[in-house]
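*Asks:* return a 3D structure for these sequence lines:
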Amino acid sequence: MKYRPEIDGLRALAVVPVILFHAGFEIFSGGFIGVDIFFVISGYLITTIIIEDIENKRFSILNFYERRARRILPALFFVMLSCIPFAWMWMLPIHMKDFSESLLAVSLFASNFLFWLESGYFDVAAKDKPLLHTWSLAVEEQYYLLFPIFLILAWRFGKNRVFWMIVFMAAVSFLLSEWGWRNKATANFYLAPTRVWEIFSGSIAAFIVHKRGVHHNSTLALLGLVAILFSIFVYDELTPHPSAYTLIPVLGVVLLVLYADRETLAAKLLSTKAFVGIGIISYSAYLWHQPLFAFSKIRFLDELNHQTMFVLSLVSLLLGVLTWKYIEQPFRIGFNKTFNRTKIFLFLISSLAFFIILGVTGHLSDGYIDRAKFEDIKNFQKTQYERASGFEYCKSNAIDIEQVKGYACKIGNKLSEPQGILWGDSYAGSALFGVNEVLKRKGLSYIAILSDGCPPLPGISRVNNAFDCTYDNHQDLINWFKSQQDLKELIWVGRFRPITGQTRGNEFFLDNIEPSLEAVHKKFTNVVNDLIHHEKRIVFVLEGPEFSVHIPDYMSKTVQFGLNENRDITSVNILEQRNQIGITPNFLEGINGMDYVDSFQIFCEKDVCNAVMENGMLLVVDSSHISHAASLVLAKEIFTKLGR
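*Replies:* Sure thing, here's the model as predicted:
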């Protein structure tokens, strides 16, 4: 295969924007498309290599896998190994557990599946995941495993037909991504079926170049370069991705592959020493940048400034150079004589086994929570494992209700007939533990109905919400509840901030229009009056304090690193937070026939809410979802309102 320096230059154009995007530089708002550039390049190079080997009757799938393994795995394993001591020193157990699971997933070439499955409402913040970026490697690895097998099997039908098969598969994948970003945004982002069209675009370009060579067309090559730059600087996190928008940078790369021969201006720019040099070390630099950013943010409680992030970006390039020279190159070239195929596979399999064992052990031990250094903060850490207990309970005790699109389960005394429902979003999920315990003590039962991420009110949702919060879903549920004569009571819990009609109000939309406080109040009142008309007893739970940091992590780190607790961080002013919430006591007092519980009133003293309750237990499991201890306090107040 003839070397094309402009392809290495393209790699530089991919890796630098990705790094600076993750570093938080807003000018590179579309820097994430660097990954898409890598996908197209991989499709082009891999397909070219395989086509040439098949036509020259020298293709061996074992040789192919060996070359890919030598290219990808040693540097990846070295970075993973380097992360382990820092994870051990600095990661709190819950993050160590997530890190351990990522070691396992990366080793199984399935980290994109892991991060897709972890991407729910209670996901650990992406900034704390040193191996988050390996999702893209997993997509490529899955392509490397399957694509050569497809080519071998399909080649008997002729090269022309193979080409059109790939075109067809690319079109299907592209259409799936168009459906995906509208319906399953997270799966669309992480999983191969909606990403492979980008890699196949490179494969299609490889067939064309193999047949006719690289044509000289400065205009089209320059247009391709402009398309990529346009995407980097104009796109942002609100741009649907991957989607039709992704066609622009993908086609930009294809145009460069097809038309940027060495004499074009675009090729000359990309072939400069700076671009080629960065492109050569781009893989190692990409591997290093996320661990550097993640561990720096884990170690320091304050958000890192731009200067620090820029220095870390430069360090990732420096480490990329060293890793390329001392890890990548020796395994690809220098070790071929001393490390034959058998030895390299044994080495890689042993490394995989090591990371798999470490990953499984970290998962089973809850992130090595019994480490001596965490003895004093074990309670803080254990609180975090309560974060999704409500949803986990409902998943494992699910009951089928046709009108319920979220999770439904029976709580309390399983032998008694349900007398009411607990309904809401993740805040209701946090309240479930306490409600369940009090119900069991009283010999009563309820049906819990939880909709993750969806404010419990018909027609209202959050902008760019990945969850299905359509009007019909909640309205169907209300209609069902009204029809159930035996279900007399409703405990209604949800997050309604920041519906204030002020500047932050457009985080939500109402019936596909921008909400106003008046519109939300009207819809809320209509629902309440409708339920009261059907003789339902309602207790609405007003949401409580929301802190600026993840409280269990913050409290743990103050102990771990010997820092003083900052009360400005671990407490909030009630009056300030009241102004952020659309559903207030004054509003509720004006609705006849319903009761409410004011979380601020039961969890706070005077004008201040503290993150640590009087009994020393944490109030929240993250920044706002209440702990089991707090949910017991809340549940007692709820059932007092219900007269039980």
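
*Asks:* now the most centrally placed residue in the chain: which helix or strand?
*Replies:* Nearest to the mean C-alpha position of the chain, counting by C-alpha atoms, centre = their mean, stands residue 119 at 4.0 Å. Assigned by DSSP states H and E, residue 119 falls within no helix or strand.

*Asks:* can you tell me how far it sits from residue 286?
*Replies:* 21 Å (C-beta to C-beta, to the nearest Å). Heads up, the C-betas are built off the backbone N, CA and C, glycines and all.

*Asks:* what of residue 59?
*Replies:* Counting by C-beta to C-beta, the gap from residue 59 to residue 286 is 28 Å.

*Asks:* could you pull out the helices for the stretch 401-550 of the chain?
*Replies:* 426-442, 471-483, 517-533 (DSSP state H, counting those that start in this stretch).

*Asks:* with just CA atoms, put stretch 597-607 into CSV.
*Replies:* Written as CSV, here are the backbone C-alpha positions of stretch 597-607 (Å, rounded to 0.1, in the frame of the first residue of the first chain):
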residue,chain,number,x,y,z
VAL,A,597,-44.9,17.8,52.0
ASP,A,598,-42.3,20.5,51.9
SER,A,599,-38.9,18.8,51.7
PHE,A,600,-37.1,22.0,52.7
GLN,A,601,-39.2,22.2,55.8
ILE,A,602,-38.5,18.7,57.1
PHE,A,603,-34.8,18.5,56.1
CYS,A,604,-33.6,22.1,56.8
GLU,A,605,-33.3,24.4,59.8
LYS,A,606,-34.2,28.1,59.5
ASP,A,607,-32.9,29.3,56.2
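
*Asks:* and it, what's buried?
*Replies:* Residues of stretch 597-607 classed as buried: 597, 598, 599, 600, 602, 603, 604 (neighbour count, 16 or more other C-beta atoms under 10 Å).

*Asks:* of residue 59 and residue 286, who's got more company?
*Replies:* Shown here are residue 59 and residue 286; by other C-beta atoms under 10 Å, residue 286 has more neighbours (25 against 18).

*Asks:* report all helices and strands that the helix or strand containing residue 576 contacts.
*Replies:* In the assignment (DSSP H and E), residue 576 maps to helix 574-578. Here helix 574-578 touches helix 599-603, strand 608-610, going by 3 or more C-beta pairs under 8 Å, 6 or more residues apart in numbering; DSSP states H and E.

*Asks:* now do it: distance to the chain's middle.
*Replies:* 31 Å (C-alpha atoms, centre = their mean, to the nearest Å).

*Asks:* let me see the residues that make contact with that helix.
*Replies:* 545, 546, 584, 600, 604, 607, 608, 609 (C-beta atoms under 8 Å, 6 or more residues apart in numbering).

*Asks:* again with stretch 351-363
*Replies:* 73, 77, 80, 84, 96-97, 99-108, 368.

*Asks:* let's go with 6 Å and repeat that
*Replies:* 77, 97, 100, 101, 103, 104, 107 (C-beta atoms under 6 Å, 6 or more residues apart in numbering).

*Asks:* low pLDDT regions in the stretch 401-550 of the chain?
*Replies:* 461-472, 498-516 (pLDDT under 70).

*Asks:* same question, the stretch 251-400 of the chain
*Replies:* For the stretch 251-400 of the chain, the ranges with pLDDT under 70 are 301-302, 334-338, 372.

*Asks:* mind jotting down where the helices sit in it?
*Replies:* Using DSSP H, counting those that start in this stretch, helices in the stretch 251-400 of the chain cover 265-270, 273-280, 282-299, 306-323, 329, 341-364, 378-384, 389-396.

*Asks:* now for the fourth one, which elements pack on it?
*Replies:* Contacting helix 306-323 under the criterion 3 or more C-beta pairs under 6 Å, 6 or more residues apart in numbering; DSSP states H and E are the following elements: helix 282-299.

*Asks:* coming back round to it: as JSON lines, the contacts of helix 574-578 with distance to residue 496 would be great.
*Replies:* As requested, those are arranged in JSON lines below (distance: C-beta to C-beta, whole Å):
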{"residue": "545", "distance to residue 496": "14"}
{"residue": "546", "distance to residue 496": "12"}
{"residue": "584", "distance to residue 496": "10"}
{"residue": "600", "distance to residue 496": "14"}
{"residue": "604", "distance to residue 496": "18"}
{"residue": "607", "distance to residue 496": "21"}
{"residue": "608", "distance to residue 496": "22"}
{"residue": "609", "distance to residue 496": "17"}
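
*Asks:* and the two most separated of the residues you listed?
*Replies:* Across the contacts of helix 574-578, no pair lies farther apart than 584 and 608, at 18.4 Å, counting by C-beta to C-beta.

*Asks:* so these two - more neighbours on which side?
*Replies:* The neighbour comparison of residue 584 against residue 608 (other C-beta under 10 Å) goes to residue 584, with 16 against 13.

*Asks:* excluding chain neighbours, what is closest to the more buried one?
*Replies:* residue 578 (6.4 Å; C-beta to C-beta, 6 or more residues apart in numbering).

*Asks:* number of nearby residues for the one you found?
*Replies:* Residue 578 has 14 nearby residues by other C-beta under 10 Å.

*Asks:* repeat for residue 173
*Replies:* 22.

*Asks:* enumerate every residue touching it.
*Replies:* Taking C-beta under 6 Å, 6+ apart as the test, what residue 173 contacts is 196, 197.

*Asks:* got a pLDDT number for it?
*Replies:* If you check residue 173, the pLDDT there is 98.

*Asks:* ditto for residue 614
*Replies:* 82.

*Asks:* tell me the secondary structure at it.
*Replies:* coil (DSSP: H, G, I helix; E, B strand; the rest coil).
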